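Student: no letters, just coordinates:
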């Protein structure tokens, strides 16, 4: 392979140091300049002499290490073609990934065709859906970044339409919907606009378990670094957990133990088929925000049971189960729920995240410092600003590495990050 002079070397050494013209890093088959230091990594030591804020301190997640504690939360794009990711996903997600969240988690990805929220949902119910996802994970790995996937079944919230078309409409058969294949733990629809569900039988539950495990195995083939099981926001596994929706009898209904059974079985079977070094995450509800629903005490109990079964990361969110919910929202409003779960799993080795209306670096740092969570999940701010990690570093006065192709124009070079105060001559100095 031809050589060329490394552009990052000092002029005095340029005749002594050479590097490959093309870098095929991380086992990918395409050329891209390598990032010797992944974007999103704080410079150590900081030129200011200041300590690095907790938000930008690395953290170990089973067999991987995150360079910072900002995780891009899964956000549905409703842009897949028969479950397959498209160029939209590659460009949209790739632009965020290359800017260095500690971990990027791909949107809710359904384990069965009828488990989609909309006809345009991401899917992993068949092998043909693996390759488009692998394009994204290959790109992430070429940049030294980590990427996970969220596996889900929509339950009684399936067969709706993309929210920008209508937030209160079900997808009929003539529009690609599947109104006669909606399954849940009761025959009560989510609201007057959604389809009537059928009650899952024991055989149907067994199919769901197998589908989660099969989707996890496809996730491995697609090259993901972590897997998250979605058991919140009113989807199928959440409906099993909550006494407000689960009308089944034993073994999957009735007591708290029975209502947790399906999720715990899926966790155990998934943990058994993925590598021992691979992190397993679960998104759980912290509250249903309805009378007689799943509570923060239930969440603490569930978190402890998940940690016993090898779950490495518990992602706490709330709501979405009932259209009658009464959410009281404010900045960081879900922190009390994540804090309770974090206390319940203390010493068990599981990390806990907080999500919801986290809009500034100072707020995120405070949530980590006060014990609300180990990591922050951020969703919509990344939609507005793919460079959120860089922005938050600037807000905290931190020197940070960004991708070489972006950083060179701001004075980044040879192991140093972007300075907070660039000055007008940064490009030429």
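Tutor: Good, I have the coordinates. Keep in mind that this is a model prediction, so the values were computed, not measured.
Student: for the stretch 51-200 of the chain, which segments count as helices?
Tutor: Remark: helices assigned in the stretch 51-200 of the chain by DSSP state H, counting those that start in this stretch are 87-97, 130-142.
Student: give the buried residues for the last one.
Tutor: Of the residues in helix 130-142, those buried by neighbour count under the rule 16 or more other Cβ atoms under 10 Å are 130, 132, 133, 135, 136, 137, 138, 139, 140, 141, 142. Just so you know, the C-beta spots here come from the backbone N, C-alpha and C atoms, and that holds for glycine as well.
Student: then the shortest one?
Tutor: Buried residues in helix 87-97, counted by 16+ other Cβ under 10 Å: 89, 90, 92, 93, 94, 96, 97.
Student: okay if I get those residues as a markdown table plus distance to residue 370?
Tutor: Putting those into a markdown table (distance: Cβ to Cβ, whole Å) gives the following:
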| residue | distance to residue 370 |
| --- | --- |
| 89 | 35 |
| 90 | 38 |
| 92 | 33 |
| 93 | 31 |
| 94 | 34 |
| 96 | 27 |
| 97 | 29 |
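Student: just to revisit the earlier point, would you list the helices of the stretch 51-200 of the chain in JSON lines and tack on mean pLDDT and distance to residue 255?
Tutor: As requested, these are exported to JSON lines (pLDDT from 0 to 100; distance: least, Cβ to Cβ, whole Å):
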{"stretch": "helix 87-97", "mean pLDDT": "97", "distance to residue 255": "41"}
{"stretch": "helix 130-142", "mean pLDDT": "96", "distance to residue 255": "38"}
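Student: can you add distance to residue 161 and give those back as TSV?
Tutor: Formatted as TSV, these follow (distance: least, Cβ to Cβ, whole Å):
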stretch	distance to residue 161
helix 87-97	17
helix 130-142	23
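Student: closest to residue 352 out of the ones you listed?
Tutor: Nearest to residue 352, of all the helices of the stretch 51-200 of the chain, is helix 87-97, at 23.0 Å by Cβ to Cβ.
Student: what angle separates the closest one from helix 130-142?
Tutor: Interaxial angle, helix 87-97 versus helix 130-142 (axes from the mean of the first three to the mean of the last three Cα atoms, to 10 degrees): 20 degrees.
Student: buried stuff in stretch 36-48?
Tutor: 37, 38, 39, 40, 41, 42, 43, 46.
Student: need the longest strand for the chain.
Tutor: Using DSSP state E, we find that the single longest strand of the chain is strand 103-110.
Student: what packs against that strand?
Tutor: Where contact means 3 or more Cβ pairs under 8 Å, 6 or more residues apart in numbering; DSSP states H and E, strand 103-110 is packed against strand 70-72, helix 87-97, strand 122-123, helix 130-142, strand 147-152, strand 226-230.
Student: of the buried residues of helix 87-97, which is the nearest to residue 182?
Tutor: Residue 182 has its nearest neighbour among those in residue 89, at 25.9 Å by Cβ to Cβ.
Student: where's the closest one relative to residue 96, distance?
Tutor: Between residue 89 and residue 96 the distance is 11 Å, computed by Cβ to Cβ, to the nearest Å.
Student: repeat that for residue 257.
Tutor: Taken as Cβ to Cβ, the span from residue 257 to residue 96 is 40 Å.
Student: and for residue 312?
Tutor: Taken as Cβ to Cβ, the span from residue 312 to residue 96 is 23 Å.
Student: can you lay out the helices and strands packed on strand 103-110 as a markdown table showing distance to residue 348?
Tutor: Converted to a markdown table, the helices and strands packed on strand 103-110 look like this (distance: least, Cβ to Cβ, whole Å):
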| stretch | distance to residue 348 |
| --- | --- |
| strand 70-72 | 20 |
| helix 87-97 | 30 |
| strand 122-123 | 31 |
| helix 130-142 | 29 |
| strand 147-152 | 21 |
| strand 226-230 | 18 |
